[in-house]
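In: based on what follows, work out the 3D shape:
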Amino acid sequence: EVQLVESGGGLVQAGGSLRLSCTASGFTFDDYTIGWFRQAPGKEREGVLCISNSDGSTYYTDSVKGRFTIASDNAKNKVYLQMNSLKPEDTAVYSCAADKFTICSNFEYRYFEVWGQGTLVTVSS
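Out: Now for the predicted structure:
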């Protein structure tokens, strides 16, 4: 079964850090593009970061540049989202997604086939 599982969410104070993990089973990340998306209450899903193992490209949405980083550990079939200097507006359910055929220049949720269940990140002020 093809599956993604996120972990690492929780409650953190503004200015703090969290690292989210996305673990794949049933497939390997080697040739996939992986994206992190988030959805805050009452808001549309937003693409946050993307990394493509097929062409090495990355994408960071403007609001997280300089604060969030994405890293892929293909040996462990994991992708990490390191979030620093967190702000209350970063509060959302964060989900990882993977697709074999898209690339980061097409970073829209509709292009991603495999999704995790999401993990809640709450940043208190």
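In: what score does Ile34 have for pLDDT?
Out: pLDDT, the model's per-residue confidence, is 93 for Ile34.
In: how about Glu1?
Out: Looking at Glu1, the pLDDT reads 86.
In: can you pull the contacts of it?
Out: By C-beta atoms under 8 Å, 6 or more residues apart in numbering, the contact list for Glu1 reads Ser25, Gly26. Quick note: C-beta positions are derived from backbone N, CA and C, even for glycine.
In: what does the one 3 residues further on give?
Out: If you count contacts by C-beta under 8 Å, 6+ apart, Leu4 has them with Cys22, Thr23, Ala24, Ser25, Cys96, Ala97, Ala98, Val114, Trp115, Gly116.
In: who does the first one form a beta bridge with?
Out: For Cys22, the beta-bridge partners under DSSP bridges are Glu6, Val79.
In: check whether it really touches Val5, as I assumed.
Out: Yes: counting by C-beta atoms under 8 Å, Val5 is a contact partner of Cys22 at 7.3 Å.
In: list the buried ones in the least confident helix or strand in the chain by mean pLDDT?
Out: Least confident helix or strand of the chain, by mean pLDDT, DSSP states H and E, is strand 68-73 with a mean of 90. Judged by neighbour count (16 or more other C-beta atoms under 10 Å), strand 68-73 contains these buried residues: Phe68, Thr69, Ile70, Ser72.
In: how about the third one: what's its closest non-neighbour residue?
Out: Closest residue in space to Ile70, ignoring its immediate chain neighbours: Leu49 at 4.3 Å, by C-beta to C-beta, 6 or more residues apart in numbering.
In: now for whichever strand or helix holds the one you found, which elements pack on it?
Out: Element membership of Leu49, judged by DSSP states H and E, is strand 46-52. Other helices and strands packing on strand 46-52, by 3 or more C-beta pairs under 8 Å, 6 or more residues apart in numbering; DSSP states H and E, are strand 33-39, strand 58-60, strand 68-73, strand 78-83.
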